[in-house]
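Q: 3D, please:
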Amino acid sequence: MTVMMGRPQREVFGETVAALADDDRRVVVVDGDVGSSTRADIFEKAHPDRYLQMGIAEQNMLGVAAGLATMGLVPFISTFVAFAVVRPLDQVRVLIAQPSANVKITPSYGGLFTGQTGMSHIIVDDIAIMRSLPNMPVIVPADDTEAAAALRWAGAHEGPVYIRLGRDATPRVFDPGHPFRFGRAEVVREGSDVTLVSTGAQTARTLEAAVLLAADGVSAHVLHIGTVKPLDVEAVVAAAERTGRVITVEEGTVIGGLGGAVAEALGEHRPTRVHRIGLRDVDVQSGPNDALLDIYGLSGIRVAEQVRSILAF
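A: Here you go, the predicted model:
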């Protein structure tokens, strides 16, 4: 399988939001003193008068963003995922989600890849937390192409949205120009023996696992969930019916994350046994990307190994 690397989603964030601001005077970026890391500095250079530096005070930052939205502006949040979800959760819940404020919560450094910043900067339960909030769509792009399209969609969407972005370049799943279809899942590989459901950058590694499985005669059907909430229940059910066996794979906790969402949907609409590959009730350690993928069983090779074991059970 030929792998083409995409660009870091954080760079796509800076460039895409800056381009949105070219056409929409309402667009502003509210930054938590990490602009050079999240690449919000690209926006700052293009629109310095609409780049608002809040310092390391994320609770205040989310509150300010909610206030800006009430005045008709369209704020995009620049910080790490850990500091956009947990630290200011009360502000997100009360000031943004409950009134459906038009705030775009668009942090980067999601999942395991945080550049060895330490355990305090890693969060793997953000999808579970954010999808539990009423009025909060949850989007987890697979690559730079989907990230750019999702950010453009968010700019036009009226209401809050959570988009989990990554730090580093990852393999590209979609060709440039591929449209983002909110609330719609994407079949990225046809198969007949087992359905693998994945989201975010993990989808590329799941596709790698599917290639390895094919060498063993296992035909894996791979479904990418770019929008975790609202979940494309119809697509999940169809993928389950195609093979009768479902395994979810995610760079996040299996407790309430993608695996939980898929299991809930199938439990209600098409009872199917669901196995979940991901992080299991652990505090994730910091380290190099490849080492973490191996430790937590999320590299293509390790995913393929686990799928083989599940199918043999």
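Q: Can you tell me the centre-most residue of the protein?
A: The centroid of the chain falls nearest to residue 140 when counting by Cα atoms, centre = their mean (2.2 Å).
Q: Which parts of the stretch 51-200 of the chain are strands?
A: Under the criterion DSSP state E, counting those that start in this stretch, the stretch 51-200 of the chain carries strands at the ranges 51-53, 74-78, 104-105, 138-139, 161-163, 186-189, 194-198.
Q: by contact count, what packs against the fourth one?
A: What it means is strand 138-139. helix 126-131, strand 161-163, strand 227-229 (3 or more Cβ pairs under 8 Å, 6 or more residues apart in numbering; DSSP states H and E). The C-beta positions use only the backbone N, C-alpha and C, and glycine is treated the same way.
Q: Check the second one too.
A: Applying 3+ Cβ pairs under 8 Å, 6+ apart, one finds that strand 74-78 contacts strand 27-31, helix 58-70, strand 104-105.
Q: related to what we said a few turns ago, for the helices and strands packed on strand 138-139, state which one has the densest average packing.
A: strand 161-163 (a mean of 27; mean count of other Cβ atoms under 10 Å).
Q: would JSON lines of the strands of the stretch 51-200 of the chain with distance to residue 234 be doable?
A: What follows is the strands of the stretch 51-200 of the chain, written out as JSON lines (distance: least, Cβ to Cβ, whole Å):
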{"stretch": "strand 51-53", "distance to residue 234": "41"}
{"stretch": "strand 74-78", "distance to residue 234": "31"}
{"stretch": "strand 104-105", "distance to residue 234": "27"}
{"stretch": "strand 138-139", "distance to residue 234": "18"}
{"stretch": "strand 161-163", "distance to residue 234": "22"}
{"stretch": "strand 186-189", "distance to residue 234": "12"}
{"stretch": "strand 194-198", "distance to residue 234": "14"}
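Q: returning to that earlier point: who wins for proximity to residue 65 among the helices and strands packed on strand 138-139?
A: Nearest to residue 65 among the helices and strands packed on strand 138-139 is strand 161-163 (12.4 Å), distances taken as Cβ to Cβ.
Q: which other helices and strands contact the closest one?
A: Strand 161-163 packs on strand 104-105, strand 138-139, helix 144-156, going by 3+ Cβ pairs under 8 Å, 6+ apart.
Q: Show me what counts as buried in stretch 116-127.
A: 122-127 (16 or more other Cβ atoms under 10 Å).
Q: And stretch 292-310, by the same measure?
A: For stretch 292-310, using 16+ other Cβ under 10 Å, the buried residues are 292-293, 296-300, 302-304, 306-307.
Q: Out of those residues, flag the one nearest to residue 247.
A: Of the buried residues of stretch 292-310, the one sitting nearest to residue 247 (Cβ to Cβ) turns out to be residue 307, at 5.9 Å.
Q: what helix or strand is that closest one on?
A: In the assignment (DSSP states H and E), residue 307 maps to helix 300-312.
Q: Enumerate every residue touching the residue nearest to residue 311 when sequence neighbours are not counted.
A: Excluding its sequence neighbours, the residue lying closest to residue 311 (Cβ to Cβ, 6 or more residues apart in numbering) is residue 194, at 6.3 Å. By Cβ atoms under 8 Å, 6 or more residues apart in numbering, the contact set of residue 194 is 213, 218-221, 243, 245-247, 307, 311.
Q: Same list, those residues, but as a markdown table with pLDDT and distance to residue 188 please.
A: Converted to a markdown table, the contacts of residue 194 look like this (pLDDT from 0 to 100; distance: Cβ to Cβ, whole Å):
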| residue | pLDDT | distance to residue 188 |
| --- | --- | --- |
| 213 | 98 | 14 |
| 218 | 97 | 17 |
| 219 | 98 | 14 |
| 220 | 98 | 11 |
| 221 | 98 | 10 |
| 243 | 97 | 15 |
| 245 | 97 | 18 |
| 246 | 98 | 16 |
| 247 | 98 | 15 |
| 307 | 97 | 16 |
| 311 | 94 | 20 |
